[in-house]
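>>> predicted model, plus sequence, below.
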Amino acid sequence: MVQERPLPTFSPATVHLTREEGLLLYEDMVLGRTFEDKCAEMYYRGKMFGFVHLYNGQEAVSTGVIKGALRPGIDYVCSTYRDHVHALSAGVSPREVMAELFGKVTGCSKGRGGSMHLFSARQRFLGGYAFVAEGIPVAAGAAFQTKYRREVLGDTQADEVTACFFGDGACNNGQFFETLNMAALWRLPIIFVVENNQWAIGMAHQRATSDPHIYKKASVFNMVGVEVDGMDVLAVREVAREAVARARLGEGPTLIEALTYRFRGHSLADPDELRSKEEKEFWLSRDPIKRLGSFLVEQELATNQDLQAIHQKVKQIVEDAVAFAEQSPEPSPDELWRYVYAED
Amino acid sequence: MAEMFMFNALRSAIDEEMERDPRVFVLGEDVGHYGGSYKVTKDLYKKYGELRLLDTPICENSFTGLAIGAAMTGLRPIVEGMNMGFLLLAFNQIANNAGMLRYTSGGNFTIPIVIRGPGGVGRQLGAEHSQRLEAYFQAVPGLKIVACSTPYNAKGLLKSAIRDNNPVLFFEHVLLYNLKQDIPEEEYLLPLDKAELVQPGEEVTILTYSRMRHHVLQALPELERRGIYPEVIDLISLRPLDWETIGASVRKTHRVVVVEECMKTGGIGAEIAAGIMERLFDELDAPVVRLSSQDVPTPYNGTLERLTIVQPEQIVQTVTDLVRGRI
C-alpha cells in the first residue's frame, strides 16, 4: 500500500511568491521540524513525559494554512492532539511550548496541559484536544462568535476566520458530520483542514472509511471540498487562501483534504510496526522542506546559504527554548487548585 | 409581586439577562420558533432574532461544543437540553471541555456557559426521559451544579448562573414547571453556592433539593402531628456543596436524613453522607440516613415508577424512626 490514490498536481509556476514570503514559509517549516526533532531527543532523555505526538512530514499543512493564508494572532486556530507545530505557526513562542512540554509553570498552559493541551488566548490558539474530533465543534463556536459579533453586535470589524485542523481518523466521528452540517447551514467563517496522513495510530485510512476521499464528503453539506498535495506548502497555501477568502466574504466554510504523511510513528511510544518501508520511503522523498528549498533556489528567490542561515537561526531558537524550559520553575504545589474555576 | 409559573420565571430570567447583555444567547433544539419544549423561551426569538435564539439541528455533543467555543471567545451561551438526559450525548463536551478546559489551558480561557433544561423523573415518560443525572456530573472538576426548586429561586439562580464566569449545569425539574408563586417585580439575584433554609427546626436535619423539597414539605404536617419539627434545607448547589450551612444545622440537630431523587449508588446523598462523616462525625447521634431513588432504570408503569422515587410517607416514617432512636 505505497500509494493507491494519485496526489493532486499543482504547478508552482502559477504562484506569485516573494522572497520574503518564501523565506517565511521555509523558516516556519524548519522551526516545526527542528522543534519536533528536539522533542524526540528530550523525550528519550526523560525531560518530557506522557504521550507526545510529533508532526514531522506534515509541516506544509500547518505552515501553508496558518502562515500562508491566515493572520496569526488575529484569526483563530484550533488544533488536535498533534498540536505543537500548529501552535508554533500560530505564533505561540517556542519557549512557551517547550516549557509546557517540560511541565513548567512558564508553559503556555502553565504546566497543566502538556503535549496535547497547548493553549494561547493571546495568539488566539484555541487548543490541542486529546479526544479525536472534539475540537471541531469548539472551532465552529469561535467562527459562530465572529458571525455573531458582526451580525448581532454590529461589529463591522469582525472578520476573523477560524482554521480547524484534524486528522483522517476524526472524519469517521459524528462531531465531524454534525459540525460540517451546522457550519454550512449558518455559513460560518471557518475552514476545515483534514490532515490525511493515512494512519489513525495503526488503523489504515482505507480500512476505516467507506469512501477514503474525505474532501468529497463536503458535497453532501452543500460545501466546497478540495483535495491538495499536503507535502507542497505552496499548493496548500493556494487552496487555503481561496478558502479563507470565501469565508471572509461570508460565503461559508470549505473542507480541505491535505494528503500528507507523518514521518514518525503515531507517538513516541508507538513502535510503528505496521507501515511498510516502501511506503515511508515514498513519502520521505516528498519532504516538504526540501521541496520548498529546491524551489526557492531554482527560482532564485534564495541561495543555499540563505537556507543554511535559517537552519542555524532556528537551531538557536530551539536551543534557547530548551534552556528556558530547563531553567523554568515547576508550578507551585500551593497552586494545585488554581484555574479549576474562574477567578472572580 | 406577580404570580408566575416556574417556566415563566425562567423565561423572565433569560429575557432580562439577554436584554442586559447582548453577548448572551440561547441555543438548542426547538428553542427558537417552537419556544422550547416547556416554553421557557417562548417568543423570545421575535424579540432577539434567530441568531440569539438559535435553533440547532439534533446533535447534542456538537452544539454543546459550539457553545463552548463561543464562550471561549467572548460570548455567553445558554444551552438548553430539551431533556437533560439527552445531554449524555454531550458528555464529552461537558466533561472534557466545559469542565476541564479552563484548567488544562492554565487559565487561558474561561467558559461562561449555562447548560440548563428539564431533568428528573417525570410522569410515565419512560426510562430515557426520566433520568437522575446529577450524580454523573458531580465528579467532573470545574463544573458548578445548581438545582432550582421554586419559581422564585429558579429566576434568581438562573440570572446568577448566566452572569457566572464558570460553566454551570442548571437542573430544572420537569414536574415543577407549572408550580406557581409570587415573584417580585424588581430585579433580584440569588447566590449559586448557598443552600436555602426552607424551615428551621430541631432534632433532625433534612437535606434535600429539587422536586424532593416538595415531597419533604408534604411530609411535614404529619411529622408535626407527631411532635417532630425537622430543620429542612434545600441544597440548591450540588457542586460545590454548602458545607457551612450543612455544618451549622448538623451541629444543632445531630441527626441527618438526605432526601433525594438521585440514585443511591454514587449519588449526591452518598457524597453528603461521606462528607458529614469526614467533617462532622463527632456531632452525630445516629448514622446519616439516605432516602434515594432505587437503582433501576425508571420504569414506565405508574405503580413501579412511584416505587422508584422517595414518597412523603416514607419520609414521615424514616424521620420518625430516626428521631425516636429506632435507627
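Received the coordinates, thanks. Numbers count the residues shown, from 1 in each chain, chains lettered A, B, ... in the order given.
>>> low-confidence stretches in the chain?
Defaulting to chain A. A:1-3, A:344 (pLDDT under 70).
>>> which single residue of it ends up nearest chain B?
As assessed by C-beta to the nearest C-beta, chain B sits closest to residue A:141 within chain A, at 2.1 Å. Bear in mind the C-beta positions are built from the backbone N, C-alpha and C, glycine included.
>>> spatially nearest residue to that residue, not counting backbone neighbours?
Spatially, and ignoring its direct neighbours in sequence, residue A:141 is nearest to residue B:69 (2.1 Å; C-beta to C-beta, 6 or more residues apart in numbering or on different chains).
>>> for residue 285, which residues are in contact?
Because you didn't say which chain, this covers chain A. Listed by C-beta atoms under 8 Å, 6 or more residues apart in numbering or on different chains, the contact set of residue A:285 is empty.
>>> if you could check chain B rather than the one you did, that'd help
So residue B:285 contacts B:254, B:255 (C-beta under 8 Å, 6+ apart).
>>> now with 10 Å?
B:203, B:204, B:253, B:254, B:255, B:256, B:322, B:323, B:325 (C-beta atoms under 10 Å, 6 or more residues apart in numbering or on different chains).
>>> note down every partner strand of the top strand by length along chain B and its orientation.
Identified as the longest strand of chain B according to DSSP state E is strand B:256-263. If you go by DSSP bridges, strand B:256-263 pairs up with strand B:205-208 (parallel), strand B:289-293 (parallel).
>>> and the next element down the chain from it?
helix B:268-280 (DSSP states H and E).
>>> can you point out the buried residues in that following helix?
B:268, B:269, B:270, B:271, B:272, B:273, B:276, B:280 (16 or more other C-beta atoms under 10 Å in any protein chain shown).
>>> and the residue positioned nearest the centre of chain B, what's its pLDDT?
Central residue of chain B (C-alpha atoms, centre = their mean): residue B:147, 1.6 Å from the mean position. In this model, residue B:147 is scored at 98, pLDDT.
>>> ok, back up a step: so the residue of chain A closest to chain B is in which element?
Residue A:141 belongs to helix A:135-151, assigned by DSSP H and E.
>>> by contact count, what packs against the helix or strand that that helix is followed by?
Next helix or strand after helix A:135-151 toward the C-terminus (DSSP H and E): strand A:162-167. The contact analysis (3 or more C-beta pairs under 10 Å, 6 or more residues apart in numbering or on different chains; DSSP states H and E) places strand A:162-167 against helix A:59-62, strand A:76-78, helix A:84-90, helix A:135-151, helix A:174-185, strand A:190-196, helix A:233-248, strand A:254-259.
>>> could you dump these to CSV with distance to residue B:44 and mean neighbour count?
As requested, the helices and strands packed on strand A:162-167 are exported to CSV (distance: least, C-beta to C-beta, whole Å; neighbours: other C-beta atoms under 10 Å in any protein chain shown):
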stretch, distance to residue B:44, mean neighbour count
helix A:59-62, 42, 32
strand A:76-78, 29, 30
helix A:84-90, 37, 28
helix A:135-151, 16, 27
helix A:174-185, 21, 22
strand A:190-196, 27, 29
helix A:233-248, 29, 22
strand A:254-259, 33, 27
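>>> to residue B:123, which of these lies closest?
Among these, helix A:174-185 comes nearest to residue B:123, with 31.6 Å by C-beta to C-beta.
>>> so which other helices or strands are in contact with that closest one?
With contacts defined as 3+ C-beta pairs under 10 Å, 6+ apart, helix A:174-185 has these neighbours: helix A:135-151, strand A:162-167, strand A:190-196, strand A:254-259, helix B:60-72.
>>> so how far is it from its chain's centroid?
20 Å (C-alpha atoms, centre = their mean, to the nearest Å).
>>> CA-only coordinates of it in PDB, if you can.
Written as PDB, here are the backbone C-alpha positions of helix A:174-185 (Å, rounded to 0.1, in the frame of the first residue of the first chain):
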ATOM      1  CA  GLY A 174     -20.100  12.100  14.500                       C
ATOM      2  CA  GLN A 175     -18.800  15.500  15.500                       C
ATOM      3  CA  PHE A 176     -17.200  15.900  12.100                       C
ATOM      4  CA  PHE A 177     -20.500  15.400  10.300                       C
ATOM      5  CA  GLU A 178     -22.600  17.300  12.900                       C
ATOM      6  CA  THR A 179     -20.300  20.300  12.800                       C
ATOM      7  CA  LEU A 180     -20.000  20.400   9.000                       C
ATOM      8  CA  ASN A 181     -23.700  20.500   8.800                       C
ATOM      9  CA  MET A 182     -24.100  23.400  11.200                       C
ATOM     10  CA  ALA A 183     -21.100  25.300   9.700                       C
ATOM     11  CA  ALA A 184     -22.600  25.100   6.200                       C
ATOM     12  CA  LEU A 185     -26.200  25.800   7.400                       C
END
